[in-house]
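Trainee: sequence plus predicted model, see below.
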Amino acid sequence: MPLTFTILGSASGLPSKNRNCSGAVLQYKGRLLLFDCGSGVTRAFLRAGLRLSDVEYVFISHMHSDHVSDLPYFIQAVKHSGPRGPLTVCLPEEAIAPVSNLLNACYLFPEKIDFGLTIAAHQDKATLYDDEVIVNAIPNKHLEHEINRNIIAESGYPNLMQSYSFAIRAGDRSILYTSDLLSFDDIASHVYDLDLLVIETTHIDLKRLIESIPDRRIGRVVLTHIADEDEKRIKNIVSAYADSAVLSVAEEGQAIIP
Ligand SMILES: [Zn+2]
Ligand SMILES: [Zn+2]
């Protein structure tokens, strides 16, 4: 099986009839790394013919529910998937205690999980499988807007507004999965020399991105985080682009070989 990046969910955070919430899985030499785990991702994972026992890492970009709401169910599904090795779930540091508490509230106590579950904070650079895969968690400003900032300041809530994009090096391939951004400026300096860019469409200037594709030397751009109401507009913009092999809109279950 060649290196494959499969879209498991490509909806925005708004209610969708057509798409699951955010999730994608990297297949590399029989090992699976899951990126985001929004509603519907576990089912999409199974429909893609993937094995839960092959998942070794889950990376959660941020705590909006459309990126994390399936996580307890995914872990429960992993628990019931038969004998397996350890699973590491990497999260924004602010989420470790709340997610650990949520798993306990869902009766997924550590005492009942026999495969070795680690909940850890993102690292700048997670080097996996003898350097064959590197996942660089890049902080972005998606959650750092005025409304959040004011509520947190006034309430004393412990939230730190942490959100991440992921630059992935797997073998000789470079992939950037942006997840949600505040704007394209969050990630612009990382969008160069990529085999695959999977980028959200809700918070970016799509035309600015598309105009810059040739200069940025990107082999393939897949647009995701699509609201039902916005799908037609995005598809119109994409269909006007000359090379459909380079730019496309994410499809549910789409297996991309970068
Ligand atoms: Zn989202
Ligand atoms: Zn978000």
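Mentor: Everything's here; your move. Ligands and ions are numbered 1, 2, ... in the order given.
Trainee: going by C-alpha atoms from here, please, whenever you check contacts or count neighbours.
Mentor: Noted.
Trainee: where do the helices sit along the stretch 101-250 of the chain?
Mentor: With DSSP state H, counting those that start in this stretch, the ranges of helices along the stretch 101-250 of the chain come out as 146-155, 206-216, 231-239.
Trainee: residues of the shortest one that come out buried?
Mentor: I take that to be helix 231-239. I234, V238 (16 or more other Cα atoms under 10 Å).
Trainee: kindly report the same for stretch 200-209.
Mentor: Buried residues in stretch 200-209 (16+ other Cα under 10 Å): E200, T201, T202, I204, L206, L209.
Trainee: pLDDT of that stretch, averaged?
Mentor: Stretch 200-209 shows a mean pLDDT of 94.
Trainee: state the pair within the buried residues of stretch 200-209 that is farthest apart.
Mentor: T202 and L209 (12.7 Å; Cα to Cα).
Trainee: so how far does stretch 165-179 reach from one end to the other?
Mentor: 6 Å (Cα to Cα, to the nearest Å).
Trainee: surely Q254 meets S10?
Mentor: No - counting by Cα atoms under 8 Å, Q254 does not reach S10; the two are 10.1 Å apart.
Trainee: between those two, which one's more packed in?
Mentor: Neighbour totals were compared for Q254 and S10, and S10 leads with 28 against 15 (other Cα atoms under 10 Å).
Trainee: tell me if I'm right that the more buried one and C21 touch.
Mentor: Yes - in terms of Cα under 8 Å, S10 counts as a neighbour of C21; the distance is 5.8 Å.
Trainee: and for the two, which residues touch both?
Mentor: Listed contacts common to S10 and C21 are H225; contacts here mean Cα atoms under 8 Å, 6 or more residues apart in numbering.
Trainee: do you know how far G253 is from G38?
Mentor: Distance from G253 to G38, by Cα to Cα: 14 Å.
Trainee: let's have the helices of the stretch 101-250 of the chain in JSON lines, adding distance to L117.
Mentor: As requested, those are arranged in JSON lines below (distance: least, Cα to Cα, whole Å):
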{"stretch": "helix 146-155", "distance to L117": "31"}
{"stretch": "helix 206-216", "distance to L117": "38"}
{"stretch": "helix 231-239", "distance to L117": "38"}
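Trainee: closest one to F115 among these?
Mentor: Using Cα to Cα, the helices of the stretch 101-250 of the chain put helix 146-155 closest to F115, at 36.7 Å.
Trainee: what's that closest one in contact with?
Mentor: Applying Cα under 8 Å, 6+ apart, the contact partners of helix 146-155 are P158, N159, M161.
Trainee: who are the contact partners of the first one?
Mentor: Contacts of P158 were listed using Cα under 8 Å, 6+ apart, and they are E94, I152.
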